[in-house]
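**Q** Any chance you could fold what I've pasted below:
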Amino acid sequence: MESKPLNRRIFLSRIGAGATALAVATSGLGVLSEAANAQTDSLLRIKPKKTGFRFTPIKATTKDDVILPKGFKYDVVAAYGDIINPKKDTFGYNNDFTLYFPIKGSNRGLLWVNHEYTNPLYVEGAKVNDKYTPAQIEKLLYNQGGSIIEVYYDKKEDKWKMDATSKYARRISGLTRFKLTGPAKGEKAVGGAINVQGTFANCSGGKTLWNTVLSCEENFEDTSKNAGLDPTHYGWVIEVDPFDPNFQVRKHTALGRFNHENASMGLAKDQRVVVYMGDDKKDACVYKFVSKDKYKPEMGKANSRLLDKGTLYVADFKKGKWIPLTIEAVKAAADGKPDLLEKFQTQGDVVTNCQEAAILLGGTPTDRPEDVEISPFDSTIYIAHTNNDKHGNLHGHITRFIEKNNDHGETEFEYEIFAAGGRQSGFSAPDNLTFDSNANLWTVTDISSSSLNKDAWTSFGNNGVFVIPTVGDDKGVALQFASAPMEAEFTGPCFTPDEKTLFLSVQHPGEETEDLSNPTSTWPHRKGEKVPRPGVIAITGFNF
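**A** Residues are numbered from 1 along each chain as shown. Here you go, the predicted structure:
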């Protein structure tokens with residue numbers, strides 16, 4: 001019999017069908033089978049709303065621009081160096097996570113934007129005798145952190161704009177003072193600190209149930225070293241209220257210190273707050289935090305205290321269990337090892353040295369777990385494992401967790417491979433994730449700029465945005481929606497409430513440039529400029 005080659009759709013559907021059987025035994029959710037491809041899937045709590053996000057998928061390209069399907073357009077809302085408020089604060093560098101807070105529905109609101117890192121060629125300049133000057137350190141710190149900007153849709157011009165007269169717009173940066181909360185506050189592990197300077201290396205994040213921002217400090221090591229700051233003060237999840245400058249910005253140490261990608265918040269069935277987090281590092285783990293006390297909507301932002309006390313867990317994929325990272329468990333595992341017993345004496349030591357404690361207790365090392373998001377439709381957890389060339393996983397994959405009894409507070413789970421990166425799927429290196437109301441998973445890709453369009457990544461073109469249905473006949477099939485400029489990656493996809501606008505960051509265009517007079521990208525192609533600028537765009541053209 002002649003064998004037929006598997007096409008992309010069949011390949012992915014078979015991956016899903018084989019893995020879904022894993023969920024049957026302990027999930028209590030009903031059998032995951034071919035029926036799971038229907039919108040009547042027994043897992044669904046919420047049925048998809050829209051008739052569809054219709055577009056004609058684009059092909060991979062190497063053009064130095066944002067390429068979109070026919071009928072869509074983009075506006076550059078803010079780019080590096082733009083003035084954001086009457087105080088003349090400026091938009092930071094290498095924008096990442098975005099989060100929209102409505103003021104007037106979907107047409108005006110505040111946009112929180114992370115700023116992950118700088119490029120000395122464009123920002124602080126080269127070191128002097130292998131050190132930064134005080135002025136360079138100030139630039140380094142100021143241009144990371146986050147921006148709060150006010151954005152609006154100008155109906156007459158059919159264009160999204162930034163309102164630089166906003167009373168809300170401000171910067172949260174490496175120069176801002178923060179308070180610590182939780183078990184590491186005032187502990188020896190952080191040098192006795194109660195208050196610390198600044199936030200930087202802000203990658204992705206999340207939104208709290210009480211309408212504040214959680215922003216995550218990822219690769220903080222270089223900046224803390226270059227600025228002469230204590231590294232134990234960074235690598236945390238921070239909280240900011242974009243509407244209220246009097247809300248004390250804080251770092252929640254109970255959520256652990258590691259190379260945080262994001263923080264996705266949900267509720268256990270008993271109303272305890274749960275936060276899922278990824279650690280963007282090769283051979284790193286997946287975590288979740290479960291609060292000690294219960295969420296009370298009527299308390300508003302006072303619910304922030306829930307992130308002070310609770311249990312931090314690490315995932316053991318093999319056993320399908322969440323392992324609590326407690327000082328008692330760490331001491332037991334470190335018995336007979338004097339160096340570890342000296343290092344881990346309090347819970348503050350555990351959360352500060354979280355990566356080491358997680359591996360010690362049996363957390364599963366994985367392939368760079370970046371964004372972790374809760375599906376609003378079935379409460380399952382999607383995790384983007386970007387890649388890990390140490391183990392030959394060059395293109396990454398997306399896993400799906402099913403908590404026992406569909407309860408975020410449980411300590412047992414099953415998982416499956418939802419989609420695999422590679423030629424068969426058309427995408428490589430999945431990163432940030434979000435959902436639309438038609439149960440589609442949107443993912444952006446993060447092929448490193450030094451690898452783009454060469455070797456194993458030749459066929460993928462520039463980084464892009466892909467849409468992957470999570471239910472229906474096309475479940476698991478990736479369709480390309482957008483392509484990024486040269487050497488850039490898209491980050492932080494976020495829809496307005498009416499889903500007619502998608503905010504998206506364009507990060508590090510022209511990152512491989514060595515000579516300012518010969519840049520490898522000139523995006524956003526501003527008149528009279530040849531300098532690439534990271535920026536946030538608003539994509540429109542969605543019709544339902």
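
**Q** just wondering, since we're on Phe220, how far is it from Ser204?
**A** Taking Cβ to Cβ, to the nearest Å as the measure, Phe220 and Ser204 are separated by 14 Å. Every C-beta, even on glycine, is put in place using the N, C-alpha and C of the backbone.

**Q** Show me which of those two is the more surrounded one.
**A** Ser204 (32 against 25; other Cβ atoms under 10 Å).

**Q** Leaving out chain neighbours, which residue sits closest to that one?
**A** Leaving aside its sequence neighbours, Ser204 sits nearest to Asn262 (Cβ to Cβ, 6 or more residues apart in numbering; 3.6 Å).

**Q** so who does that neighbour touch?
**A** 97, 203-206, 216, 277-278, 370-373, 432 (Cβ atoms under 8 Å, 6 or more residues apart in numbering).

**Q** Just send the residues you listed back as CSV, with pLDDT too.
**A** Output for those, formatted as CSV (pLDDT from 0 to 100):
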residue, pLDDT
Phe97, 98
Cys203, 98
Ser204, 98
Gly205, 98
Gly206, 98
Cys216, 98
Met277, 98
Gly278, 98
Glu370, 96
Asp371, 97
Val372, 97
Glu373, 98
Asn432, 98
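
**Q** so of these, which ones are in helices?
**A** Here DSSP state H is the test, and the contacts of Asn262 give no hits in helices at all.

**Q** Save those residues as JSON lines, and put in distance to Gly109 too.
**A** Shown next, in JSON lines, are these (distance: Cβ to Cβ, whole Å):
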{"residue": "Phe97", "distance to Gly109": "16"}
{"residue": "Cys203", "distance to Gly109": "22"}
{"residue": "Ser204", "distance to Gly109": "19"}
{"residue": "Gly205", "distance to Gly109": "16"}
{"residue": "Gly206", "distance to Gly109": "17"}
{"residue": "Cys216", "distance to Gly109": "22"}
{"residue": "Met277", "distance to Gly109": "26"}
{"residue": "Gly278", "distance to Gly109": "27"}
{"residue": "Glu370", "distance to Gly109": "26"}
{"residue": "Asp371", "distance to Gly109": "22"}
{"residue": "Val372", "distance to Gly109": "25"}
{"residue": "Glu373", "distance to Gly109": "21"}
{"residue": "Asn432", "distance to Gly109": "20"}
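
**Q** any idea whether the residue nearest to Ser204 is helix, strand or coil?
**A** Following DSSP: H, G, I helix; E, B strand; the rest coil, the label given to Asn262 is coil.

**Q** Would you quantify the distance from it to Thr520?
**A** 29 Å.

**Q** who touches Phe289 in this structure?
**A** 254-256, 274-275, 277, 307, 310-313.

**Q** let's see 7 Å
**A** The neighbours of Phe289, taking Cβ atoms under 7 Å, 6 or more residues apart in numbering as the test, are 254-255, 274-275, 310, 312.

**Q** Can you name the next helix or strand after the lowest-mean-pLDDT helix or strand in the chain?
**A** Least confident helix or strand, the chain: helix 24-27 with a mean of 27, by mean pLDDT, DSSP states H and E. Following helix 24-27 in sequence order, the next helix or strand is strand 73-79 (DSSP states H and E).

**Q** now could you export just the CA positions of that next one as PDB?
**A** Presented in PDB, the C-alpha positions along strand 73-79 are these (Å, rounded to 0.1, in the frame of the first residue of the first chain):
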ATOM      1  CA  LYS A  73      -4.100  48.100   8.700                       C
ATOM      2  CA  TYR A  74      -1.900  49.300  11.600                       C
ATOM      3  CA  ASP A  75      -1.200  52.600  13.300                       C
ATOM      4  CA  VAL A  76       1.900  53.300  15.300                       C
ATOM      5  CA  VAL A  77       0.500  54.500  18.600                       C
ATOM      6  CA  ALA A  78       3.800  55.100  20.400                       C
ATOM      7  CA  ALA A  79       7.500  54.500  19.700                       C
END
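
**Q** For this structure, give me the ranges with low pLDDT.
**A** Within the chain, the ranges that satisfy pLDDT under 70 run 1-43.

**Q** Which stretches in it count as helices?
**A** Under DSSP H, the chain gives helices at 8-20, 24-27, 134-142, 221-226, 327-333, 338-343, 347-352, 354-360.

**Q** List the buried residues in the third one.
**A** By that I understand helix 134-142. 136-142 (16 or more other Cβ atoms under 10 Å).

**Q** and the residues you listed, which two are the farthest apart?
**A** Farthest-apart pair in those is Gln136 and Tyr142; separation 10.7 Å (Cβ to Cβ).

**Q** Look up how far Glu356 lies from the most centrally placed residue in the chain.
**A** Centre of the chain computed as the mean C-alpha position; nearest residue by Cα atoms, centre = their mean is Ser204, 3.3 Å away. Here the criterion is Cβ to Cβ. By it, Ser204 lies 23 Å from Glu356.

**Q** same question, Ala169
**A** Counting by Cβ to Cβ - Ala169 and Glu356 are separated by 40 Å.

**Q** more neighbours, the two?
**A** Ala169 (25 against 16).

**Q** contacting residues around the more buried one?
**A** By Cβ under 7 Å, 6+ apart, the neighbours of Ala169 are 84-85, 148-150.

**Q** Between these, identify the one with the most neighbours.
**A** Going by other Cβ under 10 Å, Ile149 tops the contacts of Ala169 with 28 neighbours.

**Q** Give the bridge partners for that residue, please.
**A** Leu111 (DSSP bridges).

**Q** Might one say that it is in contact with Asp82?
**A** No - using Cβ atoms under 7 Å, Ile149 makes no contact with Asp82, being 8.7 Å away.

**Q** Touching both of those two, which residues are there?
**A** Residues touching both Ile149 and Asp82 (Cβ under 7 Å, 6+ apart): Met162.

**Q** tally of neighbours for Pro120?
**A** 14.

**Q** ugh, wrong one, I meant Phe72
**A** By other Cβ under 10 Å, neighbour count at Phe72 equals 18.

**Q** In this structure it contacts Ile539, no?
**A** Yes - with contact defined as Cβ under 7 Å, Phe72 reaches Ile539; the gap is 6.0 Å.

**Q** Identify the farthest-apart pair in the contacts of Phe289.
**A** Farthest-apart pair in those is Ala254 and Val274; separation 12.6 Å (Cβ to Cβ).

**Q** which of the contacts of Asn262 are buried?
**A** For the contacts of Asn262, buried by 16+ other Cβ under 10 Å: 97, 203-206, 216, 277-278, 370-373, 432.

**Q** And the strands in the stretch 51-200 of the chain?
**A** Under the criterion DSSP state E, counting those that start in this stretch, the stretch 51-200 of the chain contains strands at 73-79, 95-104, 108-115, 145-154, 159-162, 170-172, 177-181, 195-197.

**Q** Can you give me the buried ones in stretch 158-174?
**A** 160-164, 166, 168-174.

**Q** Distance from the chain centre to it, please.
**A** Its chain's C-alpha centre and that of stretch 158-174 lie 22 Å apart, by Cα atoms, centre = their mean, to the nearest Å.

**Q** try stretch 370-384
**A** 11 Å.
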